[in-house]
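Colleague: attaching a predicted model along with its sequence, questions to come.
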Amino acid sequence: MKTVVSLMAALSFFAVSAASADETAELRDRLQEIDTLQAQFEQRVYDERDLLQEELQGELTLKRPHYLHWETSQPDHSVMVADGESVWYYNSFIEQLSIFDQAQSLEQNPMLVLLSDSDEAWSDFAVTRENDYWIIRDRTQGQVTVALSVAFDEEGLLNRLRVDDGQGQISVFELSEVTLNQNVAADKFTFSAPEGAEIDDQRTNP
């Protein structure tokens, strides 16, 4: 009997793994159509009781496979820039700049996997499909982990992101004025520490 149960469990695992591989391939195919993406966004943050806590506005620019510029303008200003090697996060309210290795930041920020064409990077993530969303979870982090969900409109444009921090807080980003595959200046993906900023550099080799 134990052998039968073990066999059924194994078959179930391989079926789920195969489905995840199919969803991963489909999502990556959609992302392959994006070279650059520029958009405005509205962000709504909900707590574990599904109550609205905060609303923000900003802009998103990405250039696959390595670069990201994410900036909130209202009501609080912050900037996140991925330059291919490091992730720079600046909060102007507290005047603090945090710097991380980009490759290692994938575990805490699966949004960065959207930039990647690396089979190795994607192998750490499981992708499932629920209604309009593709849900990306780091398979190495156990049950409590950040999950990123992405959705596309009828024309295939990325139009919605959803981030679940694993602790009950959910952020929903609605994209608008989406522009695909236009030239973006290289300096959009560079960042320098503002004068007077407190710097927390967590890179292994700064």
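Modeller: Yep, it's here.
Colleague: only C-alpha atoms for contact and neighbour calcs from this point on.
Modeller: Fine.
Colleague: quick one, grab the pLDDT at the residue most central in space within the chain.
Modeller: The centre of the chain sits closest to M111, judged by Cα atoms, centre = their mean, with a distance of 1.0 Å. At M111, the pLDDT value in this model is 81.
Colleague: pretty sure it is in a strand, no?
Modeller: No. Assignment of M111 by DSSP: H, G, I helix; E, B strand; the rest coil gives helix, placing it outside any strand.
Colleague: which residues sit in contact with it?
Modeller: By Cα atoms under 8 Å, 6 or more residues apart in numbering, the residues touching M111 are L148.
Colleague: same question for K188.
Modeller: K188 neighbours (Cα under 8 Å, 6+ apart): H69.
Colleague: same question for the one 10 residues further on.
Modeller: Taking Cα under 8 Å, 6+ apart as the criterion, E198 is in contact with E95, Q96, L97.
Colleague: which of those residues are buried? Put it as a PyMOL command.
Modeller: The buried residues among the contacts of E198 can be selected in PyMOL (16 or more other Cα atoms under 10 Å) with this line:
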select buried, resi 96+97
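Colleague: using the three-state scheme, assign L62.
Modeller: strand.
Colleague: could you give the bridge partners of the nearest residue to it once chain neighbours are set aside?
Modeller: Distances taken as Cα to Cα, 6 or more residues apart in numbering put L68 closest to L62, at 4.3 Å, once the chain neighbours are dropped. Following DSSP bridges, L68 is listed with bridge partners L62, A82.
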